[in-house]
Structure formats: C-alpha cells, structure tokens
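Visitor: mind looking at a prediction? Sequence and model below.
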Amino acid sequence: MALPFIAGLAVGAGAALLFTKREQIKEKLSSGEFSQSIQNGLSKSVDRGKEISSNALKYAKTSFTNALNAESKTEELHRAQKTQNTKPKGTQRTMRKNTKAKDNQ
C-alpha cells in the first residue's frame, strides 16, 4: 500500500531536483559536445545493428541451405530403399515352398 506513495515521493524529488538545476541542464543540452556524443552513440548503434542483421541473414541462409541438403539426401535414401524393396512379396514364400518340395522329393 505504501508503494504508490514512495514512487510518488521519488518522482516528486526528481522533478524538484531537475527544476533547481534547470540552468545547468539547459547548458549541457545546448552544448555541441552533448549532441556530438549522442550522434556518435547513435551511429555506433546503427553500425552494430547492421552487423547483427547481416550475421543473422548469413545464418538463416546457411541453415536453409543445410535443411534443403538434408531433405534431398533423405529423399535419395527413400528412393534407394524403395528400389531395393521392389521384389514381389510372394517371392520368398514361393522359394521356401519350392525348396521344401525339392527336399521332400
């Protein structure tokens, strides 16, 4: 219950401090040094963002290529297994019957 009161007290104290130091704040904000440091920080952030996005794009491309390669390899394996398993189903059974018949004779 005391949390809103404490938060209000902190905001009020901050506003009072800023109001008393408004001339110093105004000088700092209007100086070229402050705006230059903001511009430097922004340009560094933009450069870092470009680097991260290009790395993410490279990663996505390689992942997609690897997935396509894996898919094509599995398709080849399935095709190879299908061609190996194309024997007629009754072939082994017929061969057993024939061998049993020969053995009985």
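Guide: Arrived safely. Numbering: from 1, shown residues only.

Visitor: state the distance from Leu68 to Leu18.
Guide: Here Leu68 is placed at a distance of 58 Å from Leu18 (C-beta to C-beta, to the nearest Å). The way it works is simple: take the backbone N, C-alpha and C, and place the C-beta from them, glycine included.

Visitor: actually Ala2, sorry about that
Guide: Look at Ala2 and Leu18: by C-beta to C-beta, they are 24 Å apart.

Visitor: neighbour-wise, which of those two wins?
Guide: For Ala2 versus Leu18, neighbours defined as other C-beta atoms under 10 Å are more numerous around Leu18 (11 against 7).

Visitor: what about the nearest residue to the more buried one once chain neighbours are set aside, which helix or strand?
Guide: Closest residue to Leu18 apart from its sequence neighbours, by C-beta to C-beta, 6 or more residues apart in numbering: Ile25 at 6.6 Å. For Ile25, the element it lies in under DSSP states H and E is helix 22-30.

Visitor: which residue ranges form the helices in the protein?
Guide: Assigned helices in the chain, in chain order: 3-20, 22-30, 32-84, 91-104 (criterion: DSSP state H).

Visitor: worst mean pLDDT among the ones you listed?
Guide: Lowest mean pLDDT within these: helix 91-104, at a mean of 60.

Visitor: that older thread, the residue nearest to Leu18: neighbouring residues, count only.
Guide: 13.

Visitor: quick check: it touching Phe19?
Guide: No: using C-beta atoms under 8 Å, Ile25 makes no contact with Phe19, being 9.6 Å away.

Visitor: between the two, which contacts overlap?
Guide: Common contact partners of Ile25 and Phe19 (C-beta atoms under 8 Å, 6 or more residues apart in numbering): none.

Visitor: quick revisit: for the helix holding Ile25, name the packing helices and strands.
Guide: On a contact count with 3 or more C-beta pairs under 8 Å, 6 or more residues apart in numbering; DSSP states H and E, helix 22-30 meets no helix or strand.

Visitor: next, the angle helix 3-20 makes with that helix.
Guide: 80 degrees (axes from the mean of the first three to the mean of the last three C-alpha atoms, to 10 degrees).
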